[in-house]
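1. What follows is a predicted structure for the sequence shown.
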Amino acid sequence: MTTRRRYTLLDAVDDPQLFAPWFKDRSSWASWFAFLRALFGLPLSASELPLYRECTGRTDLPTAPASEAWLICGRRAGKSFVLALCAVYLARFFNYRRHLAPGERGTVMVIAADRKQSRVVLRFIRALLMQVPMLARMIERETAESFDLNNSVTIEVATASYRTTRGYSIVAALLDELAFFRSDDSSANPDNEIIAAIKPAMATIPNAMLLCASSPYAQRGALFTAFKAHFGRDGDPVLVWRAPTRTMNPTVSQATVDAAMEADPASAASEYLAQFRTDVETFVARDVVEAAVTQGRFELPRVERTRYHAFCDPSGGSSDSMTLCIAHTAGNRVIVDVIRERRAPFSPDACVKEFADVLKSYGISKVVGDRYAGEWPREAFRKCGVEYRVGDKPKSDLYLGLLPLLNSGRVELLDHKRLVAQLCTLERRTSRAGKDSIDHVPGGHDDIANAVAGATALAAQAAAHPQPKIVQPGIWSKNGGWISDPCGNRAQTTTQKFYEYYNSGGTSNWPGSGPREW
């Protein structure tokens, strides 16, 4: 009696009734076929062995399907399509019913970095299902983000969130571009937390597969950790495959890669050569940020005779948040009092009115912000009785000013999870000219962090350069024409010069020593 050979993904790729029509130029897919053989533990041909050893750093050959695999490839290599192909194959040609409870469905979950990326993968899945009659007949129900098949398996596409996987029995999880997963409301490391949430959902499925694919980025996160731990390790059950764009997709021209390398070598090496960037590092450590947070403090009331400072990060209301922060100083410490955020969509004029009311309640008649949208912020705040001034420092300088306050423990932050997440995901990038810039991760946000950095900078600057105190009546002595400042310093002058000094608010020349402030 002979054992029936499993119908492999490569068989489906060769089958004209299944996926063969998508692989007309098979030579351009040769590297992907080698990867799929390695992924599913299939024999590699003699011509594929050098590529396998180059892309895995291994000498031994795979003998069984990988339960966990990491695919690190450059842009336009074809990762999203291959993930969709694997999703459809795993959903159709594996029997998971024996591992499911009555009425339970197994889920092949494809998680993308954001909604735009998830639509790309979903279009590939829909085409592979709908344009193959054998597979189309299996569809029981289609929604905007999923397909229910008649074998108790659902293919579902979701965006990156550790909450996405709760309550599922996941038979396969395929993560697309996870190096660029955005941080959510409470997490600065969404890739690690998503994977940590997925694995328990796969625990009851013996042959479940985790496949993570992405272009590389900074030397941190789950992708870099997996690369350091598993690349080039013979006998390791976790497969790591790293390859430049043109290795996996030779239809991308060398001229495109060369032009990118000439324009920005560090970026192009990551985008096309699959190398982790060395010019990007985390701006501030998470434990430093968390140490600055006063737990349970969400907003502080106004204190009389306290000078407050405010910074606004405006938005048009369609995509980014509009944020406001108010801060003050106490001794050498900067204290954040208020954080307000209006997340899109919202009415910009209504948001300005709300922020203006908050500013007035703290005795603030002017707010500083960036140059967003030209005159609109000035006019909108002016109508509400608040002056809007454009700040003179770029965002990177504001963050660089916040860093020593954080490191020295001289700033008190509110208990605001989105602020903590945004600060922890800021990146410091070094240009070829050696200049540092600080900004959010690609696809991320820093609206709250920007407002907080701006307000703390204003407060710290005011503390370092206090406003001059106006000389008070009664310190004029007609005896000898002497006047004294509040510190006891004396100068001889005339009555006329004294009153010029007094009426100027302390900005004209101090008699006997030139301009003087205290």
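-> Looks like it arrived, so ask away. Residues are numbered from 1 along each chain as shown.
2. Just list the residues touching residue 110, thanks.
-> 83-84, 87, 118, 121-122, 125, 155-158, 174-176 (CB atoms under 8 Å, 6 or more residues apart in numbering). In this view, the C-beta of every residue, glycine as well, is placed from N, C-alpha and C.
3. Tell me the secondary structure at it.
-> Assigned with DSSP: H, G, I helix; E, B strand; the rest coil, residue 110 falls in the strand class.
4. what would the contacts of residue 110 look like in TSV with neighbour count, distance to residue 436 and secondary structure?
-> Below are the contacts of residue 110 laid out as TSV (neighbours: other CB atoms under 10 Å; distance: CB to CB, whole Å; DSSP: H, G, I helix; E, B strand; the rest coil):
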residue	neighbour count	distance to residue 436	secondary structure
83	25	36	helix
84	25	39	helix
87	26	41	helix
118	20	34	helix
121	22	35	helix
122	22	39	helix
125	24	42	helix
155	28	44	strand
156	21	41	strand
157	28	38	strand
158	20	36	strand
174	26	36	strand
175	27	31	strand
176	26	31	strand
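5. quick one: which of these is nearest to residue 383?
-> residue 118 (40.7 Å; CB to CB).
6. who's in contact with the closest one?
-> 110-112, 145, 157-159, 176.
7. Export these as JSON lines, with columns for pLDDT and distance to residue 34.
-> What follows is those, written out as JSON lines (pLDDT from 0 to 100; distance: CB to CB, whole Å):
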{"residue": "110", "pLDDT": "90", "distance to residue 34": "23"}
{"residue": "111", "pLDDT": "90", "distance to residue 34": "25"}
{"residue": "112", "pLDDT": "86", "distance to residue 34": "25"}
{"residue": "145", "pLDDT": "90", "distance to residue 34": "32"}
{"residue": "157", "pLDDT": "89", "distance to residue 34": "27"}
{"residue": "158", "pLDDT": "84", "distance to residue 34": "30"}
{"residue": "159", "pLDDT": "78", "distance to residue 34": "31"}
{"residue": "176", "pLDDT": "92", "distance to residue 34": "21"}
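8. Can I take it that residue 429 is in a helix?
-> No: applying three-state DSSP, one finds residue 429 to be strand, outside a helix.
9. Can you point out the buried residues in the longest helix along the chain?
-> The helix that spans the most residues within the chain, counting by DSSP state H, is helix 447-464. Buried positions in helix 447-464, judged by neighbour count with 16 or more other CB atoms under 10 Å: 447-460, 462-463.
10. can you check stretch 378-398 too?
-> For stretch 378-398, by 16+ other CB under 10 Å, it's 378, 380-381, 384, 386, 388, 391, 393, 395-396, 398.
11. swap in stretch 412-421?
-> So, applying 16+ other CB under 10 Å, buried residues of stretch 412-421: 412-414, 416, 418-421.
12. between those, which is closest to residue 180?
-> residue 421 (15.5 Å).
13. what sits against residue 380?
-> Contacts of residue 380 (CB under 8 Å, 6+ apart): 348-349, 352, 388.
14. just residue 438 next, same as before
-> Contacts of residue 438 (CB under 8 Å, 6+ apart): 283, 395-396, 399-400, 426-429.
15. Residue 336 now?
-> Contacts of residue 336 were listed using CB under 8 Å, 6+ apart, and they are 325-327, 411-414, 452, 455-456.
16. Where does the spatially most central residue of the chain sit: helix, strand or coil?
-> Central residue check for the chain by CA atoms, centre = their mean: the C-alpha nearest the mean position is that of residue 444, 3.4 Å away. Secondary structure assignment for residue 444 (three-state DSSP): coil.
17. thinking it is in contact with residue 425, fair?
-> Yes: at 5.8 Å, residue 444 counts as touching residue 425 under the criterion of CB atoms under 8 Å.
18. quick one, strands of the stretch 1-150 of the chain?
-> 68-73, 106-112, 139-142, 146-149 (DSSP state E, counting those that start in this stretch).
19. now the ones you listed as JSON lines including distance to residue 254?
-> Compiled in JSON lines, these are given as follows (distance: least, CB to CB, whole Å):
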{"stretch": "strand 68-73", "distance to residue 254": "17"}
{"stretch": "strand 106-112", "distance to residue 254": "29"}
{"stretch": "strand 139-142", "distance to residue 254": "41"}
{"stretch": "strand 146-149", "distance to residue 254": "38"}
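20. which one of those is the most hemmed in?
-> Across those, the average number of neighbours (mean count of other CB atoms under 10 Å) peaks for strand 106-112, which reaches a mean of 26.
21. Restrict that one to CA atoms and write it as PDB.
-> Provided in PDB are the C-alpha atoms of strand 106-112 (Å, rounded to 0.1, in the frame of the first residue of the first chain):
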ATOM      1  CA  GLY A 106     -10.400  28.000  11.700                       C
ATOM      2  CA  THR A 107      -9.000  31.400  10.500                       C
ATOM      3  CA  VAL A 108      -6.300  32.100   8.100                       C
ATOM      4  CA  MET A 109      -5.500  35.600   9.300                       C
ATOM      5  CA  VAL A 110      -3.600  38.000   7.100                       C
ATOM      6  CA  ILE A 111      -2.500  41.100   9.100                       C
ATOM      7  CA  ALA A 112      -1.300  44.100   7.200                       C
END
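22. I'd like to know which of the buried residues of stretch 412-421 are part of strands.
-> In this view, the buried residues of stretch 412-421 that belong to strands under DSSP state E are residue 412.
23. just so I have it, where are all the strands in the stretch 251-400 of the chain?
-> Using DSSP E, counting those that start in this stretch, the strands of the stretch 251-400 of the chain run over 280-282, 309-313, 322-330, 333-342, 366-369, 387-390.
24. Throw those into a markdown table and include mean pLDDT and distance to residue 223, thanks.
-> Formatted as a markdown table, the strands of the stretch 251-400 of the chain follow (pLDDT from 0 to 100; distance: least, CB to CB, whole Å):
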| stretch | mean pLDDT | distance to residue 223 |
| --- | --- | --- |
| strand 280-282 | 84 | 13 |
| strand 309-313 | 96 | 30 |
| strand 322-330 | 96 | 30 |
| strand 333-342 | 97 | 30 |
| strand 366-369 | 95 | 36 |
| strand 387-390 | 94 | 39 |
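25. Distance to residue 193 added to these, as a markdown table?
-> Shown next, in a markdown table, are the strands of the stretch 251-400 of the chain (distance: least, CB to CB, whole Å):
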| stretch | distance to residue 193 |
| --- | --- |
| strand 280-282 | 17 |
| strand 309-313 | 27 |
| strand 322-330 | 24 |
| strand 333-342 | 22 |
| strand 366-369 | 33 |
| strand 387-390 | 38 |
